[in-house]
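J.: mind folding the following:
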Amino acid sequence: MNLMEEECYYTAFIGEQIIASGPLETVLPRVKKGFDEGEVLTILFEDQTGQQVDFELRGSVDEVLARALPARARTGPGRPKLGVVSREVSLLPRHWAWLEQQRNGASAALRRLVDDARKQDPGRQRARLAMDAANRFMSAMAGNLPGYEEACRALYAADREHFEDRIRNWPHDIRAHVQRIAEAAFSAEVHPADNVTH
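T.: Numbers count the residues shown, from 1 in each chain. This is a model prediction of the structure:
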């Protein structure tokens, strides 16, 4: 399965505790329930990227989900069943000229180029994405915990032993979550030149 074709999973925290984890349609109703009950400190992360995400939680659960999952709900032009999302791309005129000459148009050509690039060394790419996701999550949830800086360095060095040692005393759910999203970082060779210096 391609990296970009994997279903996105999310994890919601209140403080140091996980309250829900899974696909957005599973996690958002729990986050919405907490919002309605005054749990204002819920933090939601996208697991694949480690990014903190926010959704508009006013209205019914169905309304919240409809806003959060627009590609599944919309009709009209495009290919919503494939999850196609429209975004702006800035290119130089020569790039647009080249794309417009490709079969099936610019969008299809861009998709082919991205797919071809992703097929080259997918193990290293997966490791790099896992490192970045774990780093973003740790920055948000563990930046003040003991061993944070050392854990970041061990992560980007793909040094599992030292990474595990530095996070050993972190709160259970934070430790377990970062171990899960960082797993691929330790399963493929990543050259030091690929890594960010910490």
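J.: so this structure: which segments form each domain?
T.: 3-71, 89-120, 122-192 (automatic domain parsing).
J.: tell me which of those domains sits most buried.
T.: Comparing the domains of the chain by mean neighbour count (mean count of other Cβ atoms under 10 Å), domain 122-192 ranks first with a mean of 18. In short, each C-beta sits where N, CA and C put it, glycine included.
J.: biggest helix in the chain, by residue count?
T.: helix 122-141 (DSSP state H).
J.: Three-state assignment for the most centrally placed residue in the chain, please.
T.: By Cα atoms, centre = their mean, the chain has its centre lying nearest to T49, at 2.1 Å. Secondary structure state of T49, per DSSP: H, G, I helix; E, B strand; the rest coil, is coil.
J.: re earlier: for the domains of the chain, give me a markdown table that also has mean pLDDT.
T.: Output for the domains of the chain, formatted as a markdown table (pLDDT from 0 to 100):
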| stretch | mean pLDDT |
| --- | --- |
| domain 3-71 | 87 |
| domain 89-120 | 82 |
| domain 122-192 | 91 |
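J.: thinking again about what came up before, tell me how far the nearest residue to the residue nearest to the centre of the chain once chain neighbours are set aside lies from I14.
T.: Distances taken as Cβ to Cβ, 6 or more residues apart in numbering place A133 nearest to T49, at 5.3 Å, with adjacent residues excluded. For A133, the distance to I14 equals 21 Å [Cβ to Cβ, to the nearest Å].
J.: just D62 next, same as before
T.: 24 Å.
J.: show the end-to-end separation of stretch 7-25, please.
T.: 11 Å (Cα to Cα, to the nearest Å).
J.: what sits up against that stretch?
T.: By Cβ atoms under 8 Å, 6 or more residues apart in numbering, the residues outside stretch 7-25 that reach it are 26-28, 30-31, 34, 39, 41-48, 53, 65, 68-69, 141, 171-174, 176-177.
J.: mind checking which of the residues you listed are in helices?
T.: Reading helices off the contacts of stretch 7-25 with DSSP H, I get 26-28, 30-31, 34, 65, 68, 141, 172-174, 176-177.
J.: element containing R111?
T.: Per DSSP states H and E, R111 falls inside helix 105-119.
J.: that helix - contacts with which helices or strands?
T.: Here helix 105-119 touches helix 93-100, going by 3 or more Cβ pairs under 8 Å, 6 or more residues apart in numbering; DSSP states H and E.
J.: show me what the helix it packs on is packed up against.
T.: So helix 93-100, by 3+ Cβ pairs under 8 Å, 6+ apart, packs with helix 105-119.
J.: roughly how far out does the helix it packs on sit from the chain middle?
T.: Helix 105-119 sits 21 Å away from the centroid of its parent chain (Cα atoms, centre = their mean, to the nearest Å).
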